[in-house]
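show me how the following folds:
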Amino acid sequence: MRHWIPLGALAVLLFSQSTLQAACCYFSAKNADILQPAQKAFITWDPKENIETFTVQPKFEGNALDFGMVIPTPTQPKLHEMPRDFFKHLAIYSILKKREFPHSKLLPARRFNDAIMFGAALETASAGGRDREQQKKPTVVVLEAGVVGSLDYKIIEASRADDLFQWLKDHKYSYSGDEATLNHYIQKKWLFTVMKIDTAQMKRNKDGSFAGEVTPTRFQFTSEKLVYPLKITQISVKDKTEALFYVQAPFKVDLPGDMTYQYTWVPMLQAAMGCTPDGLPGKGVVWLKAIEGRVPVLLQRARELGFNFVSGQRPQPNKNGHIPTTMEWARKLTAEDIKVLKGEGPYSERVPDVDEGFTQADLKDMQRAQAIYKVIQARLNKARQERPFGYLVREAPTDDVRALQQLAGHLQAGLFITKFRKIFARDEMNDDLLLVPARYNDQDDNSEYEEILPTSPP
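Numbers count the residues shown, from 1 in each chain. Here you go, the predicted model:
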């Protein structure tokens with residue numbers, strides 16, 4: 001019997017009592033468990049054409065030999081295979097930068113300190129035709145069938161939840177969820193994409209269970225709103241599930257209401273105020289200024305919710321088990337950013353090597369050493385004048401930086417990419433996830449986050 005996973009906004013595990021993270025709902029054979037310990041999603045939104053695209057790559061663990069997933073969408077999607085390491089490339093591209101200063105290994109400590117104390121070191125924080133069921137009154141219709149990458153799929157239209165439930169059973173898909181969840185999407189006239197997962201893609205553990213990530217798949221469809229299926233995940237979640245989103249849109253994106261990341265973003269900016277020698281980067285000061293009259297209200301609401309911000313630490317759950325959303329990277333892409341993808345621009349700034357051309361052996365002669373020290377100090381002074389607040393750097397293996405070219409065509413100049421993480425408690429998954437423009441008190445949040453912010457001093 002085949003194991004199936006309904007994949008929506010966050011994954012849903014069926015037949016297991018363990019916590020998982022997903023963008024789908026799972027179906028699996030009875031007496032076989034399938035876990036989805038993590039899921040990442042890349043979403044692109046075109047509000048002018050009402051076209052939404054999302055790419056998902058669930059990570060599965062379990063002992064089922066044959067299983068799959070179901071993804072509900074508002075309209076019939078077009079499916080495309082994506083590069084297997086697509087999300088690895090996104091992670092490399094969105095590594096936060098940190099400030100570094102040139103230093104000398106040759107200059108004596110006292111003179112070295114005198115020469116380079118020009119900025120405070122920043123702390124880091126971290127279908128080949130319609131295939132219909134032969135029923136007198138067909139209420140479950142296979143609109144399309146095919147293969148994307150290594151995944152077999154069917155796109156299904158259903159008008160009755162009980163008939164869809166029976167269809168899954170008749171086709172050897174054992175679904176442990178309730179009909180009410182299926183009916184939630186049927187009433188909204190959403191469609192269901194059913195995909196079979198090949199366990200050959202996954203690593204086999206010593207106990208015979210499987211673990212691994214399937215090939216990322218892109219779904220493109222029309223939608224009136226930027227929405228991500230979330231409710232279907234609820235049926236396979238015991239208490240909570242985590243999701244990491246990358247959203248590309250004409251504006252910065254947030255979650256609505258008390259799911260907003262402003263409860264962590266605003267106090268983080270406040271904690272960094274006065275710790276950055278050149279002021280808050282990425283328009284952080286502009287954002288705080290725009291909402292300064294309402295910041296006390298926002299922070300008071302955070303306290304009421306039990307969201308206690310501690311600089312430099314991950315947020316902790318409140319008494320209800322709810323954890324605030326955290327923004328992890330945000331930037332409006334420019335033409336220069338796209339050049340980085342194509343290998344035409346630098347991935348990181350280079351900190352000058354002020355000792356270049358000299359070695360420890362050159363310092364054995366005292367007179368020559370004094371001349372070398374003057375040269376090194378002159379270089380340090382030059383760097384201080386040109387970049388008084390240091391150089392923004394980040395590190396990644398050369399091959400990984402070169403592989404960023406696989407993101408070209410998917411990331412677009414002029415659009416905002418917002419990367420945020422949300423751990424959803426089960427009672428936060430009663431409806432599908434709506435993504436909205438980042439805004440507070442009628443002010444648009446255009447602040448960016450690509451540099452590690454310092455934490456406030458103890």
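
give the other helices and strands that the longest helix along the chain contacts.
As assigned by DSSP state H, the longest helix anywhere in the chain is helix 366-386. Helix 366-386 sits against helix 109-116, with contacts defined as 3 or more Cβ pairs under 8 Å, 6 or more residues apart in numbering; DSSP states H and E. (Glycine included, C-beta is placed from N, CA and C.)

buried stuff in the longest helix of the chain?
369, 372-373, 376-377, 379-380, 383-384 (16 or more other Cβ atoms under 10 Å).

give me the helices and strands touching the helix or strand following it, please.
Using DSSP states H and E, the next helix or strand after helix 366-386 towards the C-terminus is strand 391-393. Strand 391-393 makes packing contacts with strand 98-100 when contacts are defined by 3+ Cβ pairs under 8 Å, 6+ apart.

run the chain-centre distance for the strand it packs on.
Distance of strand 98-100 from the chain centroid (Cα atoms, centre = their mean, to the nearest Å) equals 23 Å.

can you give me the mean pLDDT across that strand?
The pLDDT scores in strand 98-100 average 90.

parallel or antiparallel, which strands does it pair with?
strand 391-393 (antiparallel) (DSSP bridges).

centre of the chain versus the helix or strand where residue 154 lies, how much separation?
Using DSSP H and E, residue 154 sits within strand 151-158. Distance of strand 151-158 from its chain centroid, counting by Cα atoms, centre = their mean, is 26 Å.

need the CA coordinates for that strand. CSV is fine.
This file holds the C-alpha atoms of strand 151-158, laid out as CSV (Å, rounded to 0.1, in the frame of the first residue of the first chain):
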residue,chain,number,x,y,z
LEU,A,151,8.2,12.1,-9.3
ASP,A,152,5.0,10.7,-10.7
TYR,A,153,2.1,13.1,-10.2
LYS,A,154,-1.7,13.4,-10.8
ILE,A,155,-3.7,16.6,-10.5
ILE,A,156,-7.1,15.8,-9.0
GLU,A,157,-10.4,17.8,-8.9
ALA,A,158,-13.0,16.7,-6.3
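
what helices or strands is that strand leaning on?
With contacts taken as 3+ Cβ pairs under 8 Å, 6+ apart, strand 151-158 sits against strand 140-148, helix 161-170, strand 191-197.

the last one - what's its average pLDDT?
Which is strand 191-197. For strand 191-197, the mean pLDDT works out to 84.

show me what it is packed against.
strand 3-7, strand 67-73, strand 151-158.

name every strand pairing with it and say which way it goes.
Going by DSSP bridges, the partners of strand 191-197 are strand 67-73 (antiparallel), strand 151-158 (antiparallel).

dump the C-alpha coordinates for the shortest one into CSV.
Think strand 67-73. Taking Å, rounded to 0.1, in the frame of the first residue of the first chain, the C-alpha atoms of strand 67-73 are listed here in CSV:
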residue,chain,number,x,y,z
PHE,A,67,5.0,7.0,-0.1
GLY,A,68,3.9,10.4,-1.5
MET,A,69,2.5,13.8,-0.9
VAL,A,70,-0.5,15.9,-1.7
ILE,A,71,-0.3,19.6,-2.4
PRO,A,72,-3.6,21.7,-2.6
THR,A,73,-3.5,24.8,-4.8
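
name the next helix or strand following that strand along the chain.
strand 78-81.

what's around the closest residue to residue 161 other than its chain neighbours, how many residues?
Nearest residue to residue 161, sequence neighbours excluded (Cβ to Cβ, 6 or more residues apart in numbering): residue 183, at 3.7 Å. Look at residue 183: counted by other Cβ atoms under 10 Å, it has 16 neighbours.

verify the contact between residue 183 and residue 163 for me.
No: using Cβ atoms under 8 Å, residue 183 is not in contact with residue 163, being 10.9 Å away.

if anything else comes up later, I'll come back, but that's it for now.
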